[in-house]
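1. give me a model of this one.
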Amino acid sequence: MNTHFSLSPEELRTAVQKLDALASAMNQVLFGKEDLIELILTGVLARGHILLEGLPGLGKTELVKGLSKALDITARRVQFTPDLLPGDITGTPVLQETDGRKSFVFQEGPVFANIMLADEINRASPKTQSALLEAMQERKVTVMGQSHSLPEPFFVLATQNPIELEGTYPLPEAQLDRFLFKINVGRNPAEVLTRIVLNREMGVEPAVPRVLDAEELLRLMGLARRIAIPDAVAGYIGRLVNATHPGESEAARGVKYGASPRAALGLAAAAKARALRQGRPFCSFEDVQAVIRPVLEHRILLDHMAKLEGATPGDVVERLLKEIPAQDKPLPHSLAAAKIH
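-> Predicted coordinates for the structure are as follows:
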């Protein structure tokens, strides 16, 4: 374990207090979605991009807007449509005349914000979707040979409709792999719908208080990166990701392509972020198991026969958790002899 990265109890306590306040603010936007909010906070702490999938009207867009208010950072919304062009996202050079001389001046697009809300991202063409690839991976965009850095922090929080709906384009695998989480947003239960209706009838709009700013958020991200990861937990992550590939495990039957090395890095970052959220200076096997589904499911591609049989990537992940043991070696007979090197 890397002990020189360990956090002090005071740092952990302060971080948990701030994150509790942020979760409370987000609950003002989405009632009854505590698990979803916790995943969003974990993804943000891990500096990851997040893809929210669900039917229209479930509050995905409102969640992202509420997050930007609570964090007091810039957010820009882009409605993805079939006629949207890559330059509408990244920005374009504009010809301007100054003192009789004409030159091209780069005009920034909506991607130059702390949070870019890509609303219904799978309604745009694959060419437009791919305009985000460089921004999501390298936090910069290149237009006409010139690179432009994006602000810190930078996230893409995207929403998409289920691919069975009309007028949707499946995201390319390379772009899906750049999303740390893919989270399915389900419908609200009856009691939550009742509360929403009553609040609307009384003219009550959710008030989202400012909880953090950009600098405080960056500090929390830095704390998440300092969370220690024991060698045994790192080994567990490596074995899980490796087992997603055909021939590497029984759980991978029906898999055409498994998860990439980026998935292993993302799984480690998410586990460390969850540990910070729980107020612990190191991450555990349970942290990995808690975030493995939103990290891996969208990175596992099934073959044709598995799809015909009704199998899903989620089924593969469930089999992985049962097949791959957390400990690579048998536990010692005496707990006193147990040691993580």
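2. pLDDT score assigned to the residue most central in space within the chain?
-> Nearest to the mean C-alpha position of the chain, by CA atoms, centre = their mean, lies Ile50 at 2.9 Å. Per-residue confidence (pLDDT) for Ile50: 94.
3. contacts for the host helix or strand of it?
-> If you go by DSSP states H and E, Ile50 is part of strand 49-53. Residues from elsewhere that reach strand 49-53 (CB atoms under 8 Å, 6 or more residues apart in numbering): 40, 43-44, 60, 63-64, 121, 136, 155-162, 171, 176, 178-185, 298. To be clear about C-beta, it is placed using only N, CA and C from the backbone, and glycine gets the same treatment.
4. and Ser125, how many neighbours does it have?
-> Per other CB atoms under 10 Å, the neighbour tally for Ser125 reads 15.
5. does it touch Tyr169 like I think?
-> Yes: contact criterion CB atoms under 8 Å: Ser125 and Tyr169 qualify, at 6.3 Å.
6. identify each buried residue in the helix or strand following the strand holding Ile50, please.
-> Next helix or strand after strand 49-53 toward the C-terminus (DSSP H and E): helix 60-71. Neighbour-count burial for helix 60-71, counted by 16 or more other CB atoms under 10 Å, picks out 60-61, 63-71.
7. circling back: pairing partners for the strand holding Ile50, with directions?
-> Using DSSP bridges, the strands paired with strand 49-53 are strand 155-160 (parallel), strand 179-184 (parallel).
8. out of these, which gets the lowest mean score?
-> Here the lowest mean pLDDT among the strands paired with strand 49-53 goes to strand 155-160, at a mean of 90.
9. hang on, the earlier thing: in JSON lines: the buried residues of helix 60-71, plus distance to Ala263 and pLDDT.
-> Output for these, formatted as JSON lines (distance: CB to CB, whole Å; pLDDT from 0 to 100):
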{"residue": "Lys60", "distance to Ala263": "23", "pLDDT": "72"}
{"residue": "Thr61", "distance to Ala263": "27", "pLDDT": "73"}
{"residue": "Leu63", "distance to Ala263": "24", "pLDDT": "79"}
{"residue": "Val64", "distance to Ala263": "24", "pLDDT": "77"}
{"residue": "Lys65", "distance to Ala263": "29", "pLDDT": "79"}
{"residue": "Gly66", "distance to Ala263": "29", "pLDDT": "83"}
{"residue": "Leu67", "distance to Ala263": "24", "pLDDT": "86"}
{"residue": "Ser68", "distance to Ala263": "27", "pLDDT": "84"}
{"residue": "Lys69", "distance to Ala263": "31", "pLDDT": "85"}
{"residue": "Ala70", "distance to Ala263": "29", "pLDDT": "89"}
{"residue": "Leu71", "distance to Ala263": "26", "pLDDT": "88"}
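10. from the residues you listed, pick the one nearest Gly314.
-> Lys60 (19.7 Å; CB to CB).
11. follow-up on the earlier one: quick one: which of the buried residues of helix 60-71 is nearest to Ile237?
-> Checking these one by one against Ile237 (CB to CB), the nearest turns out to be Leu67, at 27.2 Å.
12. what about the strands in the stretch 1-150 of the chain?
-> For the stretch 1-150 of the chain, applying DSSP state E, counting those that start in this stretch gives strands covering 49-53, 75-79, 91-98, 101-108, 115-119, 140-143, 146-149.
13. can you redo those as CSV with distance to Ser8?
-> Shown next, in CSV, are the strands of the stretch 1-150 of the chain (distance: least, CB to CB, whole Å):
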stretch, distance to Ser8
strand 49-53, 29
strand 75-79, 33
strand 91-98, 42
strand 101-108, 40
strand 115-119, 30
strand 140-143, 34
strand 146-149, 32
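14. which one of the ones you listed lies nearest to Leu320?
-> The closest of the strands of the stretch 1-150 of the chain to Leu320 is strand 49-53. By CB to CB, the value is 20.9 Å.
15. so what's the backbone phi/psi at the residue lying closest to Gly91 once chain neighbours are set aside?
-> In space, Gly91 comes closest to Gly109 once its chain neighbours are excluded; the distance is 3.4 Å by CB to CB, 6 or more residues apart in numbering. The phi/psi pair for Gly109 (degrees, to the nearest 10) reads phi -90, psi -180.
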